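Engineer: Pasting a predicted model and its sequence here:
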Amino acid sequence: MDNTLKTYAGFWQRAKAFALDYFIILGYLILITLLFLTVNRLTSGLQWLFASRIQAQVTVFLLLTLPVTLYFAIGESSVRQATWGKQRLGLKVTDTKGNKISFWRAFVRTLLKVIPWETSHTLIWEIRFSSQTDPILINYGFALVYVLIGLNISSLIMTKTHQTLYDFLAKTFVTK
């Protein structure tokens, strides 16, 4: 990709786009929470979804992580090449030649992006359900989460193309 012809979206542009997208995610979270509270109040039948660490992890993945991942993947692989938040700021996700990325590349890019989030969920469920887990392992797990987040932010700030670690791995760029 010719670096002189493209303007790459920096940290604050991408943070603002994510903040806008988060309004949609937050709306979804509120909707799911209200639905769970209503169904649980009427039937008391949803506790089984969180009865074990594995069930809780799968439930949260299917109800939260997967829909959010699909939101990003569908938006960023669409004709607009952007989620709603990125569209508002005039940002696009592209491949190395500036073209639209496929759904599967966008999906993998987003999965790479949510690894710290999913790792945190796993650690939280481990703490909740398994009191005998060595706290040192939990601390190493959270340290890994912070290292991954730090690497993403550092690479976004320090590279000329403002790519995160997941952008490098997916061979994508966010341009203005």
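Structural biologist: Perfect, thanks for sending it.

Engineer: pLDDT score for the residue most central in space within the chain?
Structural biologist: Computing the C-alpha centroid of the chain and ranking residues by C-alpha atoms, centre = their mean puts Val114 first, at 3.7 Å. What the model reports as pLDDT for Val114 is 94.

Engineer: ok, it touching Leu66?
Structural biologist: No - contact criterion C-beta atoms under 8 Å: Val114 and Leu66 do not qualify, at 9.8 Å. For every residue, glycine as well, the C-beta is placed using N, CA and C.

Engineer: Give me the distance from the longest helix seen in the chain to the chain's centre.
Structural biologist: Using DSSP state H to define each element, the chain has its longest helix at helix 11-43. Centre-to-centre, helix 11-43 and its host chain are 13 Å apart (C-alpha atoms, centre = their mean, to the nearest Å).

Engineer: Equivalent analysis for stretch 155-168, please.
Structural biologist: That offset, for stretch 155-168, works out to 16 Å (C-alpha atoms, centre = their mean).

Engineer: Counting neighbours, which bits of it end up buried?
Structural biologist: 155-156, 161-168 (16 or more other C-beta atoms under 10 Å).

Engineer: Need the residues that contact it.
Structural biologist: Stretch 155-168 is contacted by residues 1, 3, 8-11, 14, 109, 112-113, 148, 151-153, 172-174 when judged by C-beta atoms under 8 Å, 6 or more residues apart in numbering.
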